[in-house]
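> With the sequence up front, the predicted model follows.
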Amino acid sequence: MKPDAFCLSDGTTLDALINTDTREVSMRVLSDAEIYNLEMDRIFGKAWIVLAHASEIPNPGDYVTRDLGQDPVIVTRDKDGRIHVSLNICPHRGMRVCTAEAGNTGIHRCNYHGWAFRSDGSFVGAPVEREKMHGDVFAKESLGLVKARVSLYGGLVFATWSHDGPTLEEFLGDVKFYYDMLFCRTDSGLEALGPPQRVLINANWKTAGEQSCVDGYHTISLHRYLLDIGQYGGIGDEVYANAPAMYGVDIGTRQGHGLRCIPPENTFSAIMGGRLDGLTPDERLKILPPPGITPNLLPQLRKHLSDEQVRLLAEAPPQAGGFFPNILWVFIYAPNAEGEFVGALGLHSFVPRGPDHFEFYTWFFVEKDAPEDTKQKMLAMSIFYMGSSSTIEQDDSDTWPHMSSNAKGPQGRKQTLKYGALVGENKPQGWPGGGFVYEGFSKDDNQWQWWLAYRDYMLAGKTS
């Protein structure tokens, strides 16, 4: 990749925006329309993007409409059960083919001129076939909807416009070892508890995107009130002073993904006491199983995960993380009002809607084979902690618009985001997983890796 692969119309280079020597990022990137347009092509045109969960479209003909970057797409399941992602733009005159958010149909028909397409995006035909209203310039088989490349992981539907780029396996890289513990641990896997919540945020998508790479530092300030009221099982001043959730192991990758592994007793020592000390992984999991894993599902962990993954899930499970560029997942051990450790598992997507807007999607998940009572309890906990109006996300979504607005002024756009506090690679002895491993107090390492991945995509050039 050449340094001159990125240059704005005023001559600004990417090195002027992202200073790798001082680890600073110009706030201009949070407001500039020209940068935003390049991102839609160079990042959202190339990276694997999460669009949906397979459980949202369980039957042949089911579909949901989403956006891959700023391109509208239809996510469908065909009669053979295969999932497709097609550009939701009619090749005739540019109308949106499907205007509903979800439904079931074997044929998607554009309401402008009636051109029709199958679930796999292929062209059926135009009205008045005898008049050949699709014309005589292009063969019918060439008039289907533009198809994205699709791959599934743990039920998550990923898609990309890059048909010759890295596979999803290559894109995930080292984080797959850790994410298997959340998304691929039982026979039937996860299911989405209803359609995603959606809310429009007046902010640039990167304000949330870079935070998703495990910015834990904001927790002890922005979310301090949750510690003060003992929401996480401790006394406010004591929890704040010790910052227990900040001590763990962070994992980063050059692909821009990141996560944090935290021993459960770090956060809940006031409740758990020493009950987990000296226990085997299986004994620990019986006392404090992962959210959604009921006693009858515990044996399936051994079936789907390696011994090393089971040990990590018991001793220092991944509790927060993200997929580059715009996904955050949260895996919360937390008691409900009755003191049960019901917990929650959710996933956010930050869908760009312009330089200063993004749509905030939130899915809630539970194991498909969990009892209905468990599903309802986890749904309630997930909404409480991670929903659009939850205790946590209301705090976060208040900061992002301020950052984006501040980046518009003539002085504000000259300021920088600083990533000066690094732990440095420090893999604990016997640590089973790969990636860049940082043990200790969580700092800026992972978020800086996110920006380095961003820089790589922006330097790589246009979508082919």
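Everything's here; your move.
> Poorly predicted segments of the chain, please.
1-4, 218, 222-245, 267-274, 390-391, 394, 461-464 (pLDDT under 70).
> Break it into its domains for me.
Domain assignment of the chain by automatic domain parsing yields the ranges 49-161, 173-460.
> To Val25, which of these lies closest?
domain 173-460 (4.3 Å; CB to CB). Just so you know, the C-beta spots here come from the backbone N, C-alpha and C atoms, and that holds for glycine as well.
> quick one: which of the domains of the chain is nearest Asn19?
Set against Asn19 and scored by CB to CB, those come closest in domain 173-460, at 7.6 Å.
> Gly125 reaches His134, doesn't it?
Yes: contact criterion CB atoms under 8 Å: Gly125 and His134 qualify, at 6.6 Å.
> List the residues that are in contact with both of these two.
Taking CB atoms under 8 Å, 6 or more residues apart in numbering as the criterion, Gly125 and His134 both touch Trp115, Lys140.
> More neighbours: these two, which one.
His134 (19 against 15; other CB atoms under 10 Å).
> Need phi/psi at the more buried one.
phi -90, psi 0 (degrees, to the nearest 10).
> For it, give me its contacts.
His134 touches His92, Trp115, Phe123, Gly125, Ala126, Lys140, Leu143, counting by CB under 8 Å, 6+ apart.
> Grab the nearest non-local neighbour of the fourth one.
When you say that, I think you mean Gly125. Ala116 (6.2 Å; CB to CB, 6 or more residues apart in numbering).
> ok, how many other residues are close to the one you found?
16.
> and it, bridged to which residues?
Assessed by DSSP bridges, Ala116 has beta-bridge partners Arg109, Gly125.
> residues contacting it?
Ile107, His108, Arg109, Cys110, Phe123, Val124, Gly125, Ala126.
> The third one contacts Trp115, correct?
It refers to Arg109. Yes: if you go by CB under 8 Å, Arg109 and Trp115 touch, sitting 7.3 Å apart.
> okay, those two: which has more neighbours?
Trp115 (24 against 16).
> how close does the more buried one get to Lys368?
Distance check for Trp115 against Lys368: by CB to CB, to the nearest Å, it reads 37 Å.
> which residues are in contact with stretch 416-425?
19, 22-27, 210, 217, 250, 436-445, 447-448, 451.
> Can you tell me which of these are buried?
23-27, 210, 217, 250, 436-439, 442-445, 447-448, 451 (16 or more other CB atoms under 10 Å).
> Kindly format the C-alpha coordinates of stretch 96-113 as CSV.
Provided in CSV are the C-alpha atoms of stretch 96-113 (Å, rounded to 0.1, in the frame of the first residue of the first chain):
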residue,chain,number,x,y,z
ARG,A,96,-36.0,0.3,-4.3
VAL,A,97,-37.4,-3.1,-5.1
CYS,A,98,-38.5,-4.0,-1.6
THR,A,99,-39.9,-1.2,0.6
ALA,A,100,-41.0,-3.3,3.6
GLU,A,101,-38.7,-4.0,6.6
ALA,A,102,-39.5,-7.7,6.8
GLY,A,103,-41.9,-10.3,5.4
ASN,A,104,-42.2,-13.5,3.3
THR,A,105,-42.4,-13.9,-0.4
GLY,A,106,-41.0,-16.0,-3.2
ILE,A,107,-40.9,-13.0,-5.6
HIS,A,108,-39.8,-9.4,-5.0
ARG,A,109,-41.6,-7.1,-7.4
CYS,A,110,-40.6,-3.5,-8.0
ASN,A,111,-43.7,-1.4,-7.7
TYR,A,112,-42.5,1.2,-10.3
HIS,A,113,-42.5,-0.9,-13.5
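> Can you point out the buried residues in that stretch?
Neighbour counts over stretch 96-113 (16+ other CB under 10 Å) mark Val97, Cys98, His108, Arg109, Cys110 as buried.
> so which of these comes closest to Arg260?
Cys98 (38.5 Å).
> Contacts only, for that closest one.
Residues near Cys98 by CB under 8 Å, 6+ apart: Tyr63, Thr65, Ile74, Asn88, His108.
> can you check Trp363 too?
Neighbouring residues of Trp363 by CB under 8 Å, 6+ apart: His53, Ala192, Leu193, Pro196, Gly346, Leu347, Ser349.
> Same question for Leu17.
Per CB under 8 Å, 6+ apart, neighbours of Leu17: Val25, Ser26, Arg28, Val29, Ile35.
> Mind doing that once more with 6 Å?
Neighbouring residues of Leu17 by CB atoms under 6 Å, 6 or more residues apart in numbering: Ser26, Val29.
> How many residues are close by Asn373?
That one is not Asn; residue 373 is Asp. The burial count for Asp373: 9, using other CB under 10 Å.
> How about Tyr179?
20.
> circling back to that earlier point, let me have the domains of the chain in JSON lines, extended by distance to Thr13.
Output for the domains of the chain, formatted as JSON lines (distance: least, CB to CB, whole Å):
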{"stretch": "domain 49-161", "distance to Thr13": "23"}
{"stretch": "domain 173-460", "distance to Thr13": "10"}
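> how about the closest residue to Arg455 other than its chain neighbours, phi and psi?
Spatial nearest neighbour of Arg455, chain neighbours left out: Ile18 (5.1 Å); criterion: CB to CB, 6+ apart. Here is the backbone geometry of Ile18 (degrees, to the nearest 10): phi -130, psi 100.
> Bridged to Ile18, which residues?
Counting by DSSP bridges, Ile18 forms beta bridges with Val25.
> what about Arg311, which helix or strand?
helix 307-315 (DSSP states H and E).
> Any buried residues in that helix, and which?
Buried-residue list, helix 307-315, by 16+ other CB under 10 Å: Gln309, Val310, Arg311, Leu312, Leu313, Ala314, Glu315.
> contacting residues around the residue positioned nearest the centre of the chain?
In the chain, the centroid-proximal residue (CA atoms, centre = their mean) is Ile327; its distance is 1.8 Å. For Ile327, the contacting residues are Val50, Ser349, by CB under 6 Å, 6+ apart.
> for Tyr438, same thing?
Neighbouring residues of Tyr438 by CB under 6 Å, 6+ apart: Asp250, Val423, Asn426, Asp445.
> returning to that earlier point: quick check: phi and psi at the residue nearest to the centre of the chain.
Here is the backbone geometry of Ile327 (degrees, to the nearest 10): phi -120, psi 140.
> repeat for Met386
Met386 adopts backbone torsions of phi -120, psi 0, taken as degrees, to the nearest 10.
> before we move on, the earlier item: can you pick the most crowded of the contacts of His134?
When these are compared by neighbour count (other CB under 10 Å), Trp115 ends up highest, at 24 neighbours.
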